[in-house]
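Chemist: Give me a 3D structure for the following:
(2 chains)
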Amino acid sequence: MAVLEIQFEGFWQCRLATDPDPSDEQKGLSGFTLSIAGETLLEPSFWSQAEDIKKEYNIKSAAFRDPMAIQKNQQFEIKNIREASPDFAKYNENGIGIKVSGVTIDGEVDANLTQKLQGGLVRFDKRKEQPNYKWKGPIFEGRNQITSDGDPDRFTLNPFVFTVSNANDDKVLSRFDPMDFNDPDKELWRINPNDPNFDEIVERRLPIQRFAMSNELMTQMGIDPDNLTDHFVNRMNWLKSKIMEAEAQGKDALAEAYRSRYFAVNFFTQSTGPTVLNNRLLSRISLRQLYKHTLRGNQSMLPHPFVDQSFFTGYEVDEVQPWDLLYYLGGYDGDLMAGYCSGTLSIQVKRK
Amino acid sequence: MSKFTSPGNDTFKSIVSKISAILESSSQKNDIVKALKERLNAYLTEAAEIEHLLAMQYLYASFSMKKFPEEFDDYDSANAFEKGGKNLLRLKQIESIRRWEAKILYVSRQEMEHLNLVQNLLAILDCEPFLYRPNYPVSKNENPLGDSINLMPFSKEALEIFRYWEKPDHLNLKSPFNEGAPKGIKKLYSTQVNNGKAFNEENATKLAWEDILNTVNSIGKTNDAQVDSIEQLYTIIRVYFYFLLKYKLIEGANLNRIVEEHFGFNMTLDSIVDGKYFEYVDAVITQIMEEGEGVWGVPPSLDSHFTVFQEILDEFIELQKEDITFDASLPVPWNPTISKESHYHAFGLPPMGKTHDANSPYYNVTNPVAIEAMDIYNGAYNVLVKMLHGFFKFYSIDYTTGIRPPVPNAFFSTAFYPFMTMVMRPLAEVICRLPADKNYVPVDGKVPPKTAGPNFFLEIAHNSTLDEINVQFQVSNDMNYFMDIFNDLAKRCSALSKECTKMGYHIANYKVEDARDFDVRLSYLAENFERIGQNFQNYWEGKIVAPIPSKNFQNFNNTYN
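Modeler: As a prediction, this is how the structure comes out:
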């Protein structure tokens, strides 16, 4: 047996309501995440790919399109995807999209698979078989500490379906991980922390490690950790100029939308505490939560494990043993409602 | 920064000397100290009442605000941005409304935090927490600020009243009362406005010392603890504490009962330090004053409540100039009621089921769905107040582990988040969009002509004495008392969700992508009540502890931490 490892990284989007807004808030009032004019209502689903957002929400109306932004990256034409200030160049260039960054077999680069999968699309996908309220995809379900185990800051994505596709978006791998193996359709809020099997059911999916100030994360995202506070100062200055640009063009509603973004950034970098750990915006962008768990869905539950065996020439990919997934989610920019992800999927394979 | 003037100042020396002389020569020293504590307790309960009343009044106004462009009658969902339409204008206005509501919610949270801080001062005095307040509308005689307090929708008039409550004493403002108020409310207001009386800290401090002298001299007599303004009230409280603590007439008490949780905002207040009780009292009062009227700075600081309301008012007037049809609020009434029992209220209630009587200060909500929603809300509000009382009364921290004991932990981990955020606000938002009147016929995509509102009804008889109030607030030591309430509220929310569907009641934007209609929000609330109950039981029984050190958390020391 050998081990196939697929590395991935990239920006994701999650337009979830944030405390002290209730978690089913749709506009964003007292929390730092807002749905602004020209965007759809807040919806907490996790989006791994810009194309999926476009399919769901289409493109921005002309009144809310910024030609300057679209010139830089076509993604900014898509509704709900926001542009950042120029200092956050990596985000502005890459946009939303978790992509395959490398493929190895037993630690050695596999040139063939790398060539076939490089830039492939990685998704924390929706589970069609489990209506997750009216949400469109997996969510971080905290319900403002209602689903907490006493620690208010640990969340898992749920439901959990992990898929890998090639750059043409042809799916090559997919596996579901049920929260409760014995009751795969059980909703998270129904799992009582007093359940004697709580650790087995939920704990395994919660972060194994958290870094409040992760320099590695910020470096990877293209943010200078030594000048972290500049991140939102730059954003505010840029938003001020965008307000003026929009006003000059007679796009009053767009100007107001920028003004609300400015309001949220300004408010949450000032009123919630002087230090990074206390500051609700800065503390999120430097936070890196590391997860390590298996994907153990099987033929008895939906969706079934899926492998396009023909894609992995020379190998037979194991669909029975659990797959190992190590990844972090973090670097959440509350203004863009986007964060960063990096990880590795490890699967046992047989050489043919 | 505090500008407290200690009695070292010559102005007060003679008064303080008189008080000291009486105390030293008196055989009734214990009675005098008891009287002083009771008097200070009366001032503190008055402060708690004001903070509570204003917090709910501001909340009501914020819940009444429009949130979605579809809530404007002329927004055309079918033709998003058709030329000549008003849609873009409405979207623009919605952004302003959102920012105003965010600011008012922030002010409300600060008022709630002030209420929390006053509970800490009561703990230092070794008194019961105080979370009573009269039901709305509040008679002008019961409000130390001198006028009636009403639940009113967001409007120019409401902003002017809020600004008036928060104004520094020295500002001379035109009376905000009467103008724009419904007929039934106007008669509640005072004809006199407390205006333009410059706050003079030295005079206020002198009055406080004289109040102490008067209390010392009149043991056994009841003196009215009425004050002219918030500034005056907190000045008196500060001087009383100074006197009682510095002259060692009381020991500071209940260090363990001082709640230090800051809920993620306003983290500027220093922790209490054993033996430094007055320093803490001084810091608390300074913070309350600075955040409210901005009394220490002339003009008030830019983030004071007064300034916040002035800014919103300026922007609101500007938008109205641009568009005379602009109305930022839903059609919620002043002082909605579903109450049948007059003994809970300051004023006579209108007959049940009767549609609105313009001469009444109350608005009778007659729609059965809205009545049930308001009744659920009041059930939740009353249990919330009880949990807060229990939390403030039994709050404690184990200094070794940093963990709260199970019962106050159950109250803490339920009352703040999630109850305030996940129950009180979403349900209030639903209520403000439900029809008020029983004869309402749904019109698809439109807000009802009159909607209901959460009336924050507190189930305690009007004019109860302090002892009666304390009895009413006694917290049950039976966990099932709370569990039964949570389970009942869950069932009722679930039933209400179905009732909305049956009646064809929808939120105005329910056809918009991702919109959560009444039924969805209420089902979600039912689930949340159910799980809140399970968590409550686990906290109460000590099966979940909190605050727990964050698991696997690594904090790197650097210049930003």
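
Chemist: Show me where the stretch 1-150 of chain A has its strands.
Modeler: A:2-15, A:43-47, A:97-105, A:108-109, A:122-125, A:139-140 (DSSP state E, counting those that start in this stretch).

Chemist: okay if I get those as CSV plus distance to A:Arg154?
Modeler: All C-beta spots, glycine's among them, are computed from the backbone N, C-alpha and C. Below are the strands of the stretch 1-150 of chain A laid out as CSV (distance: least, Cβ to Cβ, whole Å):
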stretch, distance to A:Arg154
strand A:2-15, 16
strand A:43-47, 16
strand A:97-105, 21
strand A:108-109, 35
strand A:122-125, 17
strand A:139-140, 10
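
Chemist: Now mean neighbour count and mean pLDDT too, for the ones you listed, in a markdown table please.
Modeler: Converted to a markdown table, these look like this (neighbours: other Cβ atoms under 10 Å in any protein chain shown; pLDDT from 0 to 100):
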| stretch | mean neighbour count | mean pLDDT |
| --- | --- | --- |
| strand A:2-15 | 21 | 98 |
| strand A:43-47 | 25 | 97 |
| strand A:97-105 | 20 | 97 |
| strand A:108-109 | 10 | 96 |
| strand A:122-125 | 24 | 98 |
| strand A:139-140 | 20 | 94 |
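
Chemist: who in the stretch 1-150 of chain B is up against chain A?
Modeler: Within the stretch 1-150 of chain B, the positions lying close to chain A (Cβ under 8 Å from any Cβ of the partner chain) are B:67-68, B:80-81, B:88-89, B:91-92, B:94-96, B:98-99, B:101-102, B:105-106, B:109.

Chemist: Please pick the buried ones from these.
Modeler: B:67-68, B:88-89, B:91-92, B:94-96, B:98-99, B:101-102, B:105-106, B:109 (16 or more other Cβ atoms under 10 Å in any protein chain shown).

Chemist: For those, work out which two are farthest apart.
Modeler: Set against one another by Cβ to Cβ, these have their most distant pair in B:Leu88 and B:Arg109, with a gap of 32.2 Å.

Chemist: wait, A:Asp24 sits on B:Ala515?
Modeler: No. With the criterion set as Cβ atoms under 8 Å, A:Asp24 and B:Ala515 do not qualify as a contacting pair; they are 11.0 Å apart.

Chemist: Of the two, which one has the most company?
Modeler: Between A:Asp24 and B:Ala515, counting by other Cβ atoms under 10 Å in any protein chain shown, A:Asp24 is the more crowded of the two (22 against 19).

Chemist: Can you check the pLDDT for the more buried one?
Modeler: At A:Asp24 the predicted local distance difference test score is 95.

Chemist: Please apply the same query to the one 5 residues further on.
Modeler: In the prediction, the pLDDT value recorded for A:Leu29 is 96.

Chemist: Near it, how many other residues are there?
Modeler: Neighbourhood size, A:Leu29 [other Cβ under 10 Å]: 26.

Chemist: For it, give me its contacts.
Modeler: When the contact criterion is Cβ atoms under 8 Å, 6 or more residues apart in numbering or on different chains, the partners of A:Leu29 are A:21, B:67, B:98, B:101-102, B:105.

Chemist: Residue ranges of each domain in chain B, please.
Modeler: Following automatic domain parsing, chain B resolves into domains at B:1-329, B:331-561.

Chemist: Would you format the ones you listed as CSV with mean pLDDT and distance to A:Lys116 included?
Modeler: Formatted as CSV, these follow (pLDDT from 0 to 100; distance: least, Cβ to Cβ, whole Å):
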stretch, mean pLDDT, distance to A:Lys116
domain B:1-329, 86, 43
domain B:331-561, 91, 36
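
Chemist: buried sites along stretch B:521-532?
Modeler: Using 16+ other Cβ under 10 Å as the test for burial, stretch B:521-532 gives B:521-532.

Chemist: who touches that stretch?
Modeler: The contact list for stretch B:521-532, computed with Cβ under 8 Å, 6+ apart, reads A:24, A:133, A:143, A:146-147, A:189-190, B:414, B:418-419, B:422-423, B:426-427, B:429-430, B:486-487, B:489-491, B:493-494, B:496-497, B:500, B:516.

Chemist: and what of stretch A:304-321?
Modeler: For stretch A:304-321, the external contacting residues (Cβ under 8 Å, 6+ apart) are A:1-2, A:4, A:105, A:112-113, A:116, A:163, A:166, A:170-176, A:297-299, A:347-352.

Chemist: What subset of those is buried?
Modeler: The neighbour-count criterion (16+ other Cβ under 10 Å) marks A:2, A:4, A:105, A:113, A:116, A:163, A:166, A:171-176, A:297, A:347-349 among the contacts of stretch A:304-321 as buried.

Chemist: Looking at those residues, which are in helices?
Modeler: Within the buried ones among the contacts of stretch A:304-321, membership in helices is found for A:113, A:116, as judged by DSSP state H.

Chemist: So which of the buried ones among the contacts of stretch A:304-321 belong to strands?
Modeler: A:2, A:4, A:105, A:163, A:171-176, A:347-349 (DSSP state E).

Chemist: could you dump the residues you listed to CSV with distance to chain B?
Modeler: Putting these into CSV (distance: Cβ to the nearest Cβ, whole Å) gives the following:
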residue, distance to chain B
A:Ala2, 31
A:Leu4, 28
A:Ile105, 31
A:Thr163, 23
A:Lys171, 26
A:Val172, 31
A:Leu173, 28
A:Ser174, 25
A:Arg175, 25
A:Phe176, 23
A:Ile347, 26
A:Gln348, 27
A:Val349, 31
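
Chemist: can you put the residues you listed in a markdown table and add distance to B:Glu260?
Modeler: Written out in a markdown table, the entries for these read as follows (distance: Cβ to Cβ, whole Å):
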| residue | distance to B:Glu260 |
| --- | --- |
| A:Ala2 | 55 |
| A:Leu4 | 52 |
| A:Ile105 | 55 |
| A:Thr163 | 46 |
| A:Lys171 | 52 |
| A:Val172 | 53 |
| A:Leu173 | 50 |
| A:Ser174 | 48 |
| A:Arg175 | 46 |
| A:Phe176 | 44 |
| A:Ile347 | 49 |
| A:Gln348 | 51 |
| A:Val349 | 55 |
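
Chemist: In terms of distance to B:Ala21, which of those ranks first?
Modeler: Each of these was checked against B:Ala21 using Cβ to Cβ; the closest is A:Phe176, at 82.5 Å.

Chemist: That closest one against A:Ser300, yeah?
Modeler: No. Assessed by Cβ under 8 Å, A:Phe176 is found out of contact with A:Ser300, at 10.9 Å.

Chemist: and the nearest residue to B:Leu269 once chain neighbours are set aside, how many neighbours?
Modeler: Ranked by Cβ to Cβ, 6 or more residues apart in numbering or on different chains and with sequence neighbours excluded, the top spatial neighbour of B:Leu269 is B:Gln287, at 5.6 Å. Under the neighbour criterion other Cβ under 10 Å, B:Gln287 is assigned a count of 19.

Chemist: isn't B:Gln287 right up against B:Tyr280?
Modeler: No. Between B:Gln287 and B:Tyr280 there is no contact under Cβ under 8 Å: 10.7 Å.

Chemist: Residue ranges in the stretch 251-352 of chain A under the pLDDT threshold?
Modeler: Applying pLDDT under 70 to the predicted model, the residue ranges of the stretch 251-352 of chain A that meet it are A:271-278.
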